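Visitor: Give me a model of this one.
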Amino acid sequence: MAKRTKRELHFKDTEFQAITIGKYKLMNSYVLLVFKIFKKISKKLNKQNEIKNPQEERVIPWFKAGGDKTLRLNYPLASSSVVVDVGGYEGQWASDIFSKYCCNIIIFEPVKNFYEKIKDRFSKNEKITVYELGLSNMGGEIDISLLDDSSSVFKENQQSEKVRVVNASNFLTDKNINTIDLIKINIEGSEYDLLENLIEGGYVSKIKNIQVQFHDFVPNAKERMVKIQDKLKNTHHLTYQYEFVWENWEINK
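Guide: Below you'll find the model as predicted:
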């Protein structure tokens with residue numbers, strides 16, 4: 001049997017290259033060490049990323065419950081019911097609700113492009129009314145950053161436009177909307193002003209179900225949310241709650 005040498009020959013292009021086995025083993029050890037270090041760093045970065053993105057963790061229980069297809073659509077509604085959709089975007093939620101109950105729906109969407117698409121989508125449906133307005137605690141014009149379904153007055157973006165908002169309690173009263181069976185509110189931070197208006201004006205007692213998504217990027221979001229929830233307890237009670245995702249308040253009977 002031939003003796004093992006301390007060298008190995010490697011064929012490279014048209015030449016033989018000699019490398020010592022010891023050196024080769026040492027290089028391999030370095031590679032393994034670097035790989036282990038990289039793996040540890042990767043784990044740490046993943047943990048940091050999880051901490052930096054708590055909103056991603058919040059939606060996991062919601063998706064597990066199938067909330068978008070169940071909790072957001074299952075209500076004691078009939079064809080005579082009145083549903084208000086604040087923040088219509090493309091009108092999909094309103095379409096799902098109408099498909100299920102054939103009820104009367106009023107949609108508020110202040111962004112012109114979204115409003116026009118919704119209006120065109122339901123142009124032949126006499127039971128769906130669309131307003132190019134936002135519901136708020138005041139009337140006038142405000143700037144809104146255009147970010148598709150995240151368009152907001154609390155975010156910055158190069159693209160923006162002026163939109164019209166109205167005092168919610170006054171507008172709904174003037175339109176003789178005396179009972180709302182379900183109101184959906186998803187307006188990217190403006191939900192605080194709207195709900196405070198509905199509560200302070202007493203109009204909230206005319207709403208049977210309030211489905212709302214609170215957003216945490218608004219100044220003092222947690223504090224304002226808790227105050228609103230405490231006031232809602234005077235007239236309503238929770239039927240489900242996924243904090244800063246979706247929750248529903250049903251009127252006390």
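Visitor: any weak-confidence spans in the chain?
Guide: Low-confidence segments of the chain (pLDDT under 70): 1-55, 146-158, 160.
Visitor: any chance you could map the helices in it?
Guide: Using DSSP state H, the helices of the chain run over 21-52, 54-64, 92-101, 112-121, 168-174, 191-200, 221-232.
Visitor: I'd say Leu194 and Ile183 touch.
Guide: No - using Cβ atoms under 8 Å, Leu194 is not in contact with Ile183, being 9.4 Å away. Every residue, glycine included, has its C-beta placed from N, CA and C.
Visitor: which neighbours do the two share?
Guide: Val86 (Cβ atoms under 8 Å, 6 or more residues apart in numbering).
Visitor: Just give me the neighbour total for Asn178.
Guide: By other Cβ atoms under 10 Å, the residues close to Asn178 number 10.
Visitor: likewise the one 3 residues further on?
Guide: Here the neighbour count serves as a burial measure; for Asp181 (other Cβ under 10 Å) it reads 20.
Visitor: Chain neighbours aside, what residue packs nearest to it?
Guide: Leaving out its chain neighbours, the residue that sits closest to Asp181 by Cβ to Cβ, 6 or more residues apart in numbering is Ser81, at 4.1 Å.
Visitor: roughly how far apart are that neighbour and Lys208?
Guide: 9 Å (Cβ to Cβ, to the nearest Å).
Visitor: what residues are shared contacts of these two?
Guide: With Cβ under 8 Å, 6+ apart, Ser81 and Lys208 have common neighbours Asp181, Leu182.
Visitor: need the strands for the stretch 151-253 of the chain, in chain order.
Guide: Here the stretch 151-253 of the chain has its strands, by DSSP state E, counting those that start in this stretch, at 160-167, 182-185, 209-212, 236-242, 246-251.
Visitor: Which of the ones you listed sits closest to Asn137?
Guide: Asn137 lies closest, by Cβ to Cβ, to one member of the strands of the stretch 151-253 of the chain: strand 160-167, at 6.6 Å.
Visitor: what does that closest one rub up against?
Guide: Here strand 160-167 has contacts from 110-112, 132-146, 197, using Cβ under 8 Å, 6+ apart.
Visitor: Also stretch 74-84?
Guide: Contacts for stretch 74-84 (Cβ under 8 Å, 6+ apart): 94, 97, 100-108, 172, 177, 179-184, 209.
Visitor: got it, and stretch 103-121?
Guide: By Cβ under 8 Å, 6+ apart, stretch 103-121 touches 77-91, 94-95, 97-98, 122, 127-135, 144, 146, 151, 161, 163-165, 177, 181.
Visitor: Right, I'll call it a day here.
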